[in-house]
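**Student:** A predicted structure for the sequence below; I have some questions about it.
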Amino acid sequence: EAGVTQSPTHLIKTRGQQATLRCSPISGHTSVYWYQQALGLGLQFLLWYDEGEERNRGNFPPRFSGRQFPNYSSELNVNALELEDSALYLCASSLRTGGKSKNIQYFGAGTRLSVL
Amino acid sequence: GQQLNQSPQSMFIQEGEDVSMNCTSSSIFNTWLWYKQDPGEGPVLLIALYKAGELTSNGRLTAQFGITRKDSFLNISASIPSDVGIYFCAGSDNYGQNFVFGPGTRLSVLP
């Protein structure tokens, strides 16, 4: 069974441009999470999508946005790129069943975004 | 907001030694996860804990869900070079709908 897949692996952009990152969750998983990991730092929560809707958002400006498609894959869009947006962007998926269920997030390998 | 603290921040150990690290929170969690991240890769799940006091093993790794529900511990026995990486804890207070991640413990194993 395929795990979480992210594309592209690497992305190089210049300041002011827009970046689009993609994520395909594990088959059967309905929730997709996006995290930013700057070099040498921990994971900062960006966005959570479930069943096509945004469920929660981290402390990031509005130029970070995304969406989830009917097949549960997801896109993360970053507009007006700034130098400090350079980071590893990780996507995770989980099977959200609600209540006292054992939800676990499984991660992809990430997209390394470099803003020059 | 919720925050997790991990200690130590980094550690250097000799191959064959045992390792202990912990994760603490100011609030109560009902789910704890431990992940390992290799350079340039995504975190890989090591152990999941769902009940206060629970002790779970995965090979040489053992993790415990603290009785207070505000902490968790990870132990690695007889460390080997491939144990090198960053270990993250993650906690949830809503049974996994959202997780908050700790800053990580960077482990280096010296031959």
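**Tutor:** Thanks, I have the structure now. Source: prediction; values computed, not measured.
**Student:** is residue B:111 in contact with residue B:13, as I believe?
**Tutor:** No - at 11.0 Å, residue B:111 does not count as touching residue B:13 under the criterion of C-beta atoms under 8 Å. Every C-beta, even on glycine, is put in place using the N, C-alpha and C of the backbone.
**Student:** which one of the two has more residues nearby?
**Tutor:** Per other C-beta atoms under 10 Å in any protein chain shown, whichever of residue B:111 and residue B:13 has more neighbours is residue B:13, with 15 against 7.
**Student:** parallel or antiparallel, which strands does whichever strand or helix holds that one pair with?
**Tutor:** According to DSSP states H and E, residue B:13 maps onto strand B:10-14. Note on strand B:10-14: by DSSP bridges, its sheet partners are strand B:105-110 (parallel).
**Student:** out of the helices and strands in chain B, which is least certain?
**Tutor:** strand B:100-101 (a mean of 90; mean pLDDT, DSSP states H and E).
**Student:** output the contacting helices and strands for it.
**Tutor:** strand B:85-92 (3 or more C-beta pairs under 8 Å, 6 or more residues apart in numbering or on different chains; DSSP states H and E).
**Student:** quick check, the strand it packs on touching chain A?
**Tutor:** Yes - residues of strand B:85-92 contacting chain A under C-beta under 8 Å from any C-beta of the partner chain: B:88, B:90, B:92.
**Student:** right, and the last one touches residue B:98 too?
**Tutor:** Yes - at 6.1 Å, residue B:92 and residue B:98 qualify as touching, with contact defined as C-beta under 8 Å.
**Student:** report how many residues lie close to the one residue in chain B that gets nearest to chain A.
**Tutor:** Closest approach of chain B to chain A (C-beta to the nearest C-beta) occurs at residue B:96, with a separation of 2.7 Å. Residues near residue B:96, counting by other C-beta under 10 Å, number 25.
**Student:** residue B:84 too?
**Tutor:** 15.
**Student:** for it, what are phi and psi?
**Tutor:** Dihedral pair for residue B:84: phi -60, psi 140, per degrees, to the nearest 10.
**Student:** please apply the same query to residue B:61.
**Tutor:** phi -100, psi 140.
**Student:** skipping adjacent residues, who's closest to residue A:54 in space?
**Tutor:** Of all residues not flanking residue A:54 in the chain, residue A:47 sits nearest, at 6.4 Å (C-beta to C-beta, 6 or more residues apart in numbering or on different chains).
**Student:** what number of residues lie near that neighbour?
**Tutor:** When neighbours are counted by other C-beta under 10 Å, residue A:47 comes out with 23.
**Student:** quick one on the thing from earlier: and the residue of chain B closest to chain A, what's its pLDDT?
**Tutor:** Residue B:96 carries a pLDDT score of 70 in this model.
**Student:** which SS class is it?
**Tutor:** coil (DSSP: H, G, I helix; E, B strand; the rest coil).
**Student:** so how many other residues sit close to the closest residue to it other than its chain neighbours?
**Tutor:** Nearest non-adjacent residue to residue B:96, counting by C-beta to C-beta, 6+ apart: residue A:103, 2.7 Å away. Burial of residue A:103 is recorded as 23 neighbouring residues (other C-beta under 10 Å).
**Student:** hang on, residue A:103 packs against residue A:95?
**Tutor:** Yes - at 6.8 Å, residue A:103 counts as touching residue A:95 under the criterion of C-beta under 8 Å.
**Student:** hang on, the earlier thing: which of the residues of strand B:85-92 next to chain A tops the neighbour count?
**Tutor:** residue B:90 (27 neighbours).
**Student:** many thanks, we can stop here.
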